[in-house]
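K.L.:
fold the stuff below for me.
(chains A and B)
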Amino acid sequence: MIDYADFLKRPKSLLIAPAGYGKSHTIITALQHCGEGRQLILTHTHAGIASLLEKIREAKISSKCYHIETISGFAQKYAFAFSLPSAIPNQQDENFYRWVLRRAQKLFKMKPVQSILRHTYTGLFVDEYQDCSTEQHALIGLLADLFPTRILGDHLQGIFNFKGQTLVDMECAETMNGYLDVSFSLEIPQRWQRGNNAALGDDLKLIRALLLQKSPIALANFPSIIFHQAEERDLYDTRSAYYKQINQLLNEDSLLILHPETTSVNPRIALNKLFKNRLVMIESIDDKDFYGLAKTLDTLTSENVSKVVIEIAHKLFNKTAIDNWFNDKSIKNKTKPEEKAKAEPIKSLLAELSLQLSLPGVAKLLRMISDLPGVSCTRKEVLQCLIKSLLNAAGDDLSVYDAMVLVRNSIRRMGRKVKGKSFGTTLLTKGLEFDTVAILNAGKFTDPKHLYVALTRASRKLVIFNVSNVLTPAY
Amino acid sequence: MAKIHTLSITNFRGIKSFHYVFGFSNFVCLIGRGDSGKTTILDAISLVLSPSWNLSFYDTDFHETNVNEPLIIEASLYDIPSSLLKETKYGLYIRGLDKSTGAIHDEIDDHHIPALTIRLFVEKDLEPKWYIIDGRHDNMEIRSADRAALNVYLVSEYLDRHFSWNKGNPLYALLKQDEMEREKKDIFIDAFREAKARIDESDFTHLEMVEKRIKTSAQKLGIDIENATTTIDLKDIIIRDGRICLHEDKIPFRLKGKGSKRLISIAIQMELANNGGILLVDEIEQGLEPDRAQHLANFLKHNNTGQVFLTTHSSAVLVELAAVDLYKMVRGGTGLFKLTADLQGLVRKNPEAFFARRVMVCEGLTEMGICRALNNERMAKKELSAALKGIRVANGSGTTLISYASGLRQAGYPTALFCDADVADINNQKAALRATGVEIIDPEDGHCIEAQLFKDLPWAGVRELVAYQVSSSDEQSVKQSVAAQFGKTLSEKWLETDSEDLRTALAKASCVKNKEWFKRMDHGEEVGRVCFKYLSSMPDCRLKAMLTALNNWFDA
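P.N.:
Predicted coordinates for the structure are as follows:
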């Protein structure tokens, strides 16, 4: 329990809040201690807003007491409100977000704008501070001059990295001037104690200490963690113990498998195929395939519809099954009655589309293909978004690409529910929690922050695969 | 709270188009002749900042009833209540007011202060809409409750409502300011409920027979109203806050005299204006004795923490104020003329000039008298009088006349200057003054008006002037003073023969310091009478040209 009065009254205070240590609860209790006026709560993602908001409402805190927004959303609101329309760059522009932040910084230095901020808010909370870019940190610094500012975060989880932006260095005394005067921190691994796996929570707390000390982690010392000694290459051998152990895990309901490769989706696609696409791939919001495939669909004509759809099918579904049903040009003629019954409707739909192309027709076609016996989808989210974009494009008279941009942006804004058996990376699953987590080739998580994020995704059961039972991140 | 920095009006009543920057003035007194649009300006302010959620507009509210063009009133405000400056209200719609230049910018800068622009927009459908506008966003509607925070009230003829507690009235606004400290109680409704309970108990037996018949009849139709009784419907007796108003003893304030009502109404609003607010007073002198009107104007000027706009037709009020408080409205004008500080003397001495349409600034009392004579002459000939023409003759008081004339001209008054030409320093300034559009009527260079008179009047006229002077002193002293100027003794029949030397001597004798013959209004009037009597028989000369110019200027 922190000293709330002290935490709130300081011009700047920092609360170190490791994952699962009750940070949301602390924000809510702090809000209840705030008294008169409206508190501004800034975070990074809309998913973050949604989960915090749910808890704030449960606590029945009056909506007059707070306003919650993403840092970029808040900066954008001011940048837009105080710029002439002609001076606002296109949102698709690659410098757009930089412009927003720079513009907001400039505005927050102006007295009239400062008076608006002061009239509106009496204090500031910034959640997940470790995810702030240096530009965002500069922006928050300007707000901190206006009202008491409390930042919450954990530098060990600072792994977000958007296009070349550097993250704030929360350990740098100069950067964090004023915040490090007094330290507030949460000490109890709440998440694991709430009927989950208390021993795992305690072990993760010890591992956290080791990571902060830059020490190697001997997994043998942590009995709550299941360790399997495994060679990386065995994973691709369906007869190996590694493969079988993973296959076994696929029976769990809430499962996350973490892969060390964060820059390319391909190793995960290959592995998922090996496991018969039983995992749902967690996709990066801006994965290029969403837009690339949408663009391919924009080239559709009544002449090339078969060819394009077959090309896309190869990207989304397992090759053997697609090859079983399609040749280069169209769906194969099937003789077995049960196969024929499946193939005929596709054939007639294709014929229809080659007479008159319709995007909803193509969407229907993709769904029919995914339902064919033996066909499994490697990229379920890509398929869903393509279908949605095709329908929206037809309905709103847009290109499929533009429809896709809107679909992805809305997911970016609204956040998404990740459930069931998922396959992801640390960057994609930050902030999420699963009953069971399996970390593949854990030694490859060389960054201590990535390793910490990976380990702390599990609330009940943590399984680690690695050649060595000692993990030594590159400190 | 809030003060008006800039006001624009388009297509509203008598105003086709109007734009004026009041800047940071806290006290604005609008002057101008009747129907020039002063009251329209006050009405425009009270409408654009009105706390009512809806107002009735009519075709006649449109300029020349042209409903095809929208009626637009726009006010840019500063010193805005902080409740409106929140991000959740209109904080993101502020504009930047540059205190050093007085300009309002859509692009905010550090040294700006926040300004909000409110626009009232009425089209053919007569539905008023209020928006906050800036050059960055689409228009944003502003709710009546938020406009109420601006605290704007108009004191005009219809102010009985100011004594009731209705929503949107000043008393209600005061109550709202106070309410945080006190618990609100519905004492009125409770009292009426009690009253109803007592009426319920009373005896309505005289209605029983009718009740019985209806009950029977209803029963036949299958409805049982056996328990029906007669009493009063609460709806008919309930009186809400709006009906509750200020009384003195048992007499409601609305029955008080007009002046008292206005003073009480202003007092209520001064209370409101303690937190800043805009007070609009139309014809401040209405119902008040000149001294009470003066006191009120003075009090408003020195005791308001907000902004006051008033109109007046009273010279008593004017002399109480500074020239820089005065803003002149001209009928059909697109803005106001702000009077400058160098007109202060003129305001004190000739307040009436500021209510005129045109002003004739005179060198002194002689010239003013001549103008009065011209007016008499015109009335005798059944020509339009100065009053009808809106002409005011003002005393330029000698040395200040140039600055008065140029100040009046700048304030938008068509101005003429009727003066001497015997002071080189003043003569040197005449060309520049003429260039600003002031018509100058003066004698030949080096001459005063008397010199020109005695030079150009036919001899008979000269003799009449001498006779007039003799009548107000005696022949002996007049003759002596002329002789002193003449240089030699005068014969018995010295007035029989016209001579240039004698004319010069007469002119000089008439202007001896402290013994001037004509420096009084009535003397001047006689001079004028004589001049106009001989005007037609005068040969072409400077005097004739001057008198003709004077008459033409009256006619213009």
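
K.L.:
show me what contacts B:Gln469?
P.N.:
By CB atoms under 8 Å, 6 or more residues apart in numbering or on different chains, the contact list for B:Gln469 reads B:478, B:510, B:517. From N, CA and C alone the C-beta is placed, and that goes for glycine too.

K.L.:
got it, and A:Lys109?
P.N.:
Contacts for A:Lys109 were tallied using CB under 8 Å, 6+ apart; they are A:142, B:110.

K.L.:
tell me the pLDDT at it?
P.N.:
What the model reports as pLDDT for A:Lys109 is 97.

K.L.:
look up phi and psi at it.
P.N.:
Phi and psi for A:Lys109, reported as degrees, to the nearest 10, are phi -90, psi -10.

K.L.:
the one 3 residues further on now?
P.N.:
Here the main-chain torsion angles of A:Pro112 (degrees, to the nearest 10) amount to phi -60, psi -40.

K.L.:
once you drop chain neighbours, what's closest to it?
P.N.:
Excluding the flanking residues, the one nearest A:Pro112 by CB to CB, 6 or more residues apart in numbering or on different chains is B:Pro114, at 4.7 Å.

K.L.:
could you report the pLDDT at the one you found?
P.N.:
pLDDT, B:Pro114: 96.

K.L.:
surely it is within a strand?
P.N.:
Yes: assignment of B:Pro114 by DSSP: H, G, I helix; E, B strand; the rest coil places it within a strand.

K.L.:
hang on, the earlier thing: how about TSV for the contacts of B:Gln469, with distance to chain A added?
P.N.:
Formatted as TSV, those follow (distance: CB to the nearest CB, whole Å):
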residue	distance to chain A
B:Val478	76
B:Ser510	67
B:Trp517	67
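
K.L.:
looking at those residues, state which has the most neighbours.
P.N.:
Among the contacts of B:Gln469, B:Ser510 has the most neighbours (other CB atoms under 10 Å in any protein chain shown), with 28 neighbours.

K.L.:
residues contacting it?
P.N.:
B:450, B:454, B:465, B:469, B:516-518.

K.L.:
what do you get for A:Ala144?
P.N.:
A:Ala144 makes contact with A:11-12, A:124, A:178, according to CB under 8 Å, 6+ apart.

K.L.:
which one of those residues is nearest chain B?
P.N.:
A:Leu124 (13.1 Å; CB to the nearest CB).

K.L.:
picking that back up, check the contacts of A:Ala144 one by one and keep those near chain B.
P.N.:
Counting by CB under 8 Å from any CB of the partner chain, nothing from the contacts of A:Ala144 sits close to chain B.

K.L.:
of all those residues, which two lie farthest apart?
P.N.:
Maximum pairwise distance in the contacts of A:Ala144, criterion CB to CB, is 13.3 Å, between A:Leu124 and A:Gly178.

K.L.:
for the host helix or strand of B:Asp43, which residues meet the burial criterion?
P.N.:
Using DSSP states H and E, B:Asp43 sits within helix B:38-48. Within helix B:38-48, the residues scored as buried using 16 or more other CB atoms under 10 Å in any protein chain shown are B:38-48.

K.L.:
okay, those in TSV with distance to A:Tyr97 and pLDDT next?
P.N.:
Shown next, in TSV, are the buried residues of helix B:38-48 (distance: CB to CB, whole Å; pLDDT from 0 to 100):
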residue	distance to A:Tyr97	pLDDT
B:Lys38	54	92
B:Thr39	54	91
B:Thr40	51	94
B:Ile41	48	95
B:Leu42	50	94
B:Asp43	49	93
B:Ala44	45	96
B:Ile45	44	95
B:Ser46	47	92
B:Leu47	44	95
B:Val48	40	96
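
K.L.:
if we look at chain A, which of the residues you listed are close to it?
P.N.:
Within the buried residues of helix B:38-48, nothing lies near chain A by CB under 8 Å from any CB.

K.L.:
from the residues you listed, which is closest to chain A?
P.N.:
Of all the buried residues of helix B:38-48, B:Val48 has the smallest distance to chain A: 22.5 Å, by CB to the nearest CB.

K.L.:
where along the stretch 201-350 of chain A do the helices fall?
P.N.:
A:241-249, A:266-274, A:288-298, A:305-316, A:319-325, A:337-355 (DSSP state H, counting those that start in this stretch).

K.L.:
what residues does the stretch 51-200 of chain B put near chain A?
P.N.:
B:82-83, B:85-88, B:91-94, B:96, B:106-114, B:135-137.

K.L.:
now the helix holding B:Asp43 - C-alpha only, PDB.
P.N.:
Taking Å, rounded to 0.1, in the frame of the first residue of the first chain, the C-alpha atoms of helix B:38-48 are listed here in PDB:
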ATOM      1  CA  LYS B  38     -28.000  52.900 -30.900                       C
ATOM      2  CA  THR B  39     -30.800  50.800 -29.400                       C
ATOM      3  CA  THR B  40     -30.400  48.300 -32.200                       C
ATOM      4  CA  ILE B  41     -26.800  47.800 -31.200                       C
ATOM      5  CA  LEU B  42     -27.800  47.200 -27.500                       C
ATOM      6  CA  ASP B  43     -30.600  44.800 -28.700                       C
ATOM      7  CA  ALA B  44     -28.100  43.000 -30.900                       C
ATOM      8  CA  ILE B  45     -25.700  42.500 -28.000                       C
ATOM      9  CA  SER B  46     -28.500  41.200 -25.800                       C
ATOM     10  CA  LEU B  47     -29.700  38.800 -28.500                       C
ATOM     11  CA  VAL B  48     -26.400  37.300 -29.400                       C
END
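
K.L.:
residues making contact with it?
P.N.:
B:4, B:7, B:9, B:12-15, B:18, B:30-32, B:55, B:73-75, B:118-120, B:128, B:130, B:152-154, B:156, B:278, B:280, B:282-283, B:309, B:311, B:329.

K.L.:
what's the following helix or strand past it packed up against?
P.N.:
Counting by DSSP H and E, the next helix or strand C-terminal to helix B:38-48 is strand B:71-78. Helices and strands touching strand B:71-78, by 3 or more CB pairs under 8 Å, 6 or more residues apart in numbering or on different chains; DSSP states H and E, are strand B:3-12, helix B:38-48, strand B:95-98, strand B:112-122.

K.L.:
so which of these gets nearest B:Arg503?
P.N.:
B:Arg503 sits nearest to helix B:38-48 of all the helices and strands packed on strand B:71-78, at 50.7 Å, using CB to CB.

K.L.:
tell me the angle that closest one makes with strand B:3-12.
P.N.:
Going by axes from the mean of the first three to the mean of the last three CA atoms, to 10 degrees, helix B:38-48 is angled at 110 degrees with respect to strand B:3-12.
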